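Visitor: predicted model and sequence below, questions to follow.
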Protein chains: 2
Amino acid sequence: MTRRDFHRGTEAERRHDLIEATLDCISEAGLQGATVRQIATRAGVTAGLIRHYFASKDIILQEAYKVLIARLTEKAKNLEGTPEQRLSDFIFVNLTEPVANSRSLSLWAAFISRVSVDPALAAIHREGYLSFRAELEELLADFLAGRGAPVTPARIRALAIAINGILDGLWLEGCLAGELFEESELVSIAFSSVEALIGHPIAAPTPTDRDRE
Amino acid sequence: MTRRDFHRGTEAERRHDLIEATLDCISEAGLQGATVRQIATRAGVTAGLIRHYFASKDIILQEAYKVLIARLTEKAKNLEGTPEQRLSDFIFVNLTEPVANSRSLSLWAAFISRVSVDPALAAIHREGYLSFRAELEELLADFLAGRGAPVTPARIRALAIAINGILDGLWLEGCLAGELFEESELVSIAFSSVEALIGHPIAAPTPTDRDRE
DNA sequence: CGATTAGTTATACGCTTGAATAACTGCTAA
DNA sequence: TTAGCAGTTATTCAAGCGTATAACTAATCG
C-alpha cells in the first residue's frame, strides 16, 4: 500500500481550489452533494485537508457564497463611460453571460434557500444586496442628473427597487428557461421596461462596442 | 417499556399531514433539515410510517413540491370579473400574502436549487411554469382584445414574458427583504411597470373590494 | 365478542457524514 | 546534505442518514 503522491500548494491556491470545487459540487449535485469528501475529490486532495484550511464545513460554504456573490456582481461594478453607457451596461451585463446562466441560478438558489436558516449566510447576503442596490442608485442618480430630471432620494430609491426587481425577474427567467428565448429578447424587454419606468430612452450597447473589448 | 399511543388516520389525512410536515421542515431548516425522522417527528408519527405512504424520500419531496407550486399559483387562477379586473387581481395576488412571504421564498428556492439536478423535480417545475404563463397569456389576450388592441401571438408571448419577469422579480425582492418596503410599494411599482409595457392603464383593486370578499 | 387485517411502532442494518488525530513526506533553509 | 517542519494523507470515530422488516394494536366486521 503506497501512499498517494501530493504536491504542496500555497494557501491562496489551495483555498481557491477548494472553494471552486465546492461551487462545482453544489451546482452539479445541490447543497447535499457538497460533502467534504466530494469537494476534496474534485479538488484532487483528501478530505482531511479541507479542515486544515477551513475551520468547518459551514465556513467553507460561507466563503464559497462570498465568492459567488462577488462573481455575480463584479461585472456590474467599475463600469466606465457616460452615465447612460454605464446604466446601459449595467442592464446588459446582468442579463447575459457569465452572470446569467443555469449554473449561476442553481448556485444562487442553493444559498438563498439557506439564507433564512443560517444567520451567517444572511449577513453575507444582506451586504451583497445592499451594495448592489447602492450601485444601481448611484447610476440612476448620475443618469437623471445628466438629463436635468429631478433627483430626490425617494424617487431614486423607488426606481432602483423597480429596476432591480425587473432585472432579477428577467435574470431568473433567462436562467431557468434560457432555451425558450433569445438572449437579446430578454435584454430588449429589460431596456424597454426600464425606459418606460424612468421616462427616458437609453441607448443599448452596440454589438461592435462589445466585440472590441 | 410501553408502546406509544397512536390513532389510525385516513390515507388522505396522513399524506396531507406528512407533506405539510415536510414543507415545514424545509422552510425552517432547509432541504438538509428535512430528514425522514424530522418529518415524522413534526407530523407526530414515527419514521417508518413515511415509507408506508411514500415509496421513498424522493417521492415525498416531489409531492411536496407539487403542493407548493399549487399553493403559489392557485390564487392566480380562477380569477373572476372583467378582463381588467382579472389582470389587476393577477398582479395583486402574486405580490401579497399568502403568495409573497419569506417562507414561500425559502421553500421555492430550496426546490429550484434541485430542479437542475433532479429530473423529476424539473418535470414538475416545467409543468407549473408553463401553466402559469399560459394563464397570464390568456389574461393579456382578453384584456387587449377588449381594448381593441392588436392581439398577435408573438406580442402576447413577449408581453407575458416581460410581465412574468417583473412579477417574479418584485416577488423575489418582497420575499427577501419585505421589511424594506411597504407592501403597497411593490404592488404599485408592478402596476406602473405593467401599464407602461402594455400601453394601457389598469385600475388597481380597491381595498374595499378586497375587504368585502 | 372474537378473528382479521391494515395502520403503526419499534428496532436494526449498512452506509455516509463531519470531524479528530496520528502518521507520513515534500520542501526549505542552513 | 540533512534536519525540521508544515502540508498532506490515512485512519478512525460517533452520529445521523434512508431503508427494511418484524412485532404490535386499534379499528372493523361477521
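Guide: Yep, it's here.
Visitor: and stretch A:75-92, end to end?
Guide: As for stretch A:75-92, its first-to-last residue distance stands at 10 Å under the measure Cα to Cα, to the nearest Å.
Visitor: got the buried residues for it?
Guide: Residues A:75-76, A:79, A:83-92 are the ones in stretch A:75-92 that count as buried (16 or more other Cβ atoms under 10 Å in any protein chain shown). C-betas here are computed from N, CA, C, even on glycine.
Visitor: again with stretch A:168-186
Guide: So for stretch A:168-186, counting by 16+ other Cβ under 10 Å, buried means A:168-178, A:181, A:185-186.
Visitor: which other residues reach that stretch?
Guide: Contact with stretch A:168-186 is made by A:94-96, A:99-102, A:104-105, A:189-190, B:112, B:115, B:125, B:129, B:158, B:161-162, B:164-173, as judged by Cβ atoms under 8 Å, 6 or more residues apart in numbering or on different chains.
Visitor: for it, the averaged confidence score.
Guide: Averaging pLDDT along stretch A:168-186 yields 85.
Visitor: what's the answer for stretch A:70-84, then?
Guide: Stretch A:70-84 comes out with an average pLDDT of 94.
Visitor: what is the end-to-end distance of it?
Guide: 24 Å.
Visitor: next one: stretch A:109-129
Guide: Stretch A:109-129 end-to-end distance (Cα to Cα) = 15 Å.
Visitor: which residues touch that stretch?
Guide: Counting by Cβ under 8 Å, 6+ apart, A:26-27, A:30-31, A:58, A:61-62, A:65-66, A:68-69, A:73, B:27-31, B:33, B:102, B:105-106, B:109-110, B:112-113, B:176-177 sit against stretch A:109-129.
Visitor: before we move on, back to that, from the buried residues of stretch A:168-186, pick the one nearest chain B.
Guide: A:G169 (2.7 Å; Cβ to the nearest Cβ).
Visitor: in which helix or strand would I find the closest one?
Guide: Using DSSP states H and E, A:G169 sits in helix A:153-176.
Visitor: same question for A:R114.
Guide: helix A:102-115.
Visitor: up against DNA strand D, what does chain A have?
Guide: Within chain A, the positions adjacent to DNA strand D are A:1, A:3-4, A:6-9, A:11, A:14, A:45-49, A:52 by Cβ under 7 Å from any atom of the strand.
Visitor: and the furthest pair within those?
Guide: Greatest spatial distance among the residues of chain A next to DNA strand D (Cβ to Cβ): A:M1 and A:E11, at 29.7 Å.
Visitor: compare these two (neighbour count), which wins?
Guide: Higher neighbour count among A:M1 and A:E11: A:E11, with 9 against 2, using other Cβ atoms under 10 Å in any protein chain shown.
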